[in-house]
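> following is a predicted model, sequence given first.
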Amino acid sequence: MDNKIIHEKQDLTHLKWSFFRHSSGTAGSFLKAYSDLDGVKKYYKISSYDSVRGIFGHECANEIIADRLLTLLGIEHVPYQLILADVIIEDEKYETYLCVSEDFKKTGEKKIAFDVFYQMNRKKNESPLSFCDRMGWRNQVDAMLLTDYLILNRDRHGANIEVLKNELSKSIRLAPLFDHGLSLIFSCITEEQAELFDVMEDKPVQCFVGSSSTFENLKLIKNAPDLHNLNEKEFEYLLYSLDDVLSKKHLDKIKEMIERRWCFYENMRDSR
């Protein structure tokens, strides 16, 4: 159906991992690595890790689900693959699913965190959202706000949005959407936690251009994105081939979340 998930185990024990604390404040760290073979730069990411539990959680699976959703909706984003692999972390060997993406910068482009770019170029008392309006990025930001509502992304801080600059051509653009690991029901490690999770609860989120509420951020959307309407078969496709990665209770709850949040958005959009 697609090549998003590779269940045949790969040997990635050569990768060197760097640690990044969860910016959401949850326990554990993200581990990231990269390779640069044959001129193709690839970035690897593992779900949560600590020295006691090892690798746990399912943030990497969330990247694939978000990737598929954004593909169906026609929203520009960084594509990911989910790969089963052997890795070595702190001299310990693990078998785990990890996600991989390729460098999305075009030739000559350099990236800068949105919050830094905003602080350098904003007008006095100009909000991040108004700044995006002035830069001509409002449609992309509206699509981002909708995305983060649908998957309950808790972590759209100012460095999880990037600006790409090309000094030679003098072009400036927003990067495609990326980094959706801390979304959906990422906090539910056990099946019991997944079963009890309220998919419509307005949990606090980080959103540099909006508020701490994804529901309130929906109201900030100026131009409702012209999106493909999802059908039942497509909702099922979002979770295709993830049975070995997540439990049925996790998969059922994720499907319920996206379906119900999509219906809420449709009703709100159609009532405008």
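Structure's in. What do you need?

> only C-alpha atoms for contact and neighbour calcs from this point on.
Noted.

> buried ones in the host helix or strand of Cys60?
Assigned by DSSP states H and E, Cys60 falls within helix 59-73. Under the neighbour-count criterion of 16 or more other C-alpha atoms under 10 Å, helix 59-73 has 59-70, 72-73 buried.

> what is it packed up against?
Helix 59-73 makes packing contacts with strand 40-50, strand 81-89, strand 92-102 when contacts are defined by 3 or more C-alpha pairs under 8 Å, 6 or more residues apart in numbering; DSSP states H and E.

> contacts for the helix or strand harbouring Glu192?
Per DSSP H and E, Glu192 falls inside helix 191-196. With C-alpha atoms under 8 Å, 6 or more residues apart in numbering as the contact definition, helix 191-196 has outside contacts at Ile185, Cys188, Ser247, Lys249, His250, Lys253.

> residues contacting the fourth one?
Listed by C-alpha under 8 Å, 6+ apart, the contact set of Lys249 reads Glu191, Ala194, Glu195.

> could the helices and strands packed on helix 59-73 be laid out in JSON lines, adding mean pLDDT, mean neighbour count and distance to Asp142?
JSON lines is the format used below for the helices and strands packed on helix 59-73 (pLDDT from 0 to 100; neighbours: other C-alpha atoms under 10 Å; distance: least, C-alpha to C-alpha, whole Å):
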{"stretch": "strand 40-50", "mean pLDDT": "92", "mean neighbour count": "19", "distance to Asp142": "27"}
{"stretch": "strand 81-89", "mean pLDDT": "97", "mean neighbour count": "19", "distance to Asp142": "26"}
{"stretch": "strand 92-102", "mean pLDDT": "96", "mean neighbour count": "18", "distance to Asp142": "24"}
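
> thinking again about what came up before, let me see the mean pLDDT of the helix holding Glu192.
Across helix 191-196, the average pLDDT comes to 97.

> heading C-terminal from it, find the next helix or strand.
Following helix 191-196 toward the C-terminus (DSSP H and E): strand 206-207.

> for the stretch 151-272 of the chain, what spans make up the helices?
191-196, 214-219, 232-237, 248-270 (DSSP state H, counting those that start in this stretch).

> just these: most buried one?
helix 214-219 (a mean of 20; mean count of other C-alpha atoms under 10 Å).

> distance between it and the chain's centre?
18 Å (C-alpha atoms, centre = their mean, to the nearest Å).

> with just CA atoms, put it into PDB.
Extracted C-alpha coordinates of helix 214-219, given in PDB (Å, rounded to 0.1, in the frame of the first residue of the first chain):
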ATOM      1  CA  THR A 214      -5.900  23.900  20.100                       C
ATOM      2  CA  PHE A 215      -9.600  24.700  20.100                       C
ATOM      3  CA  GLU A 216      -8.900  28.400  20.500                       C
ATOM      4  CA  ASN A 217      -6.300  28.200  17.800                       C
ATOM      5  CA  LEU A 218      -8.900  26.900  15.400                       C
ATOM      6  CA  LYS A 219     -10.700  30.200  15.800                       C
END
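
> with that, I have no additional questions.
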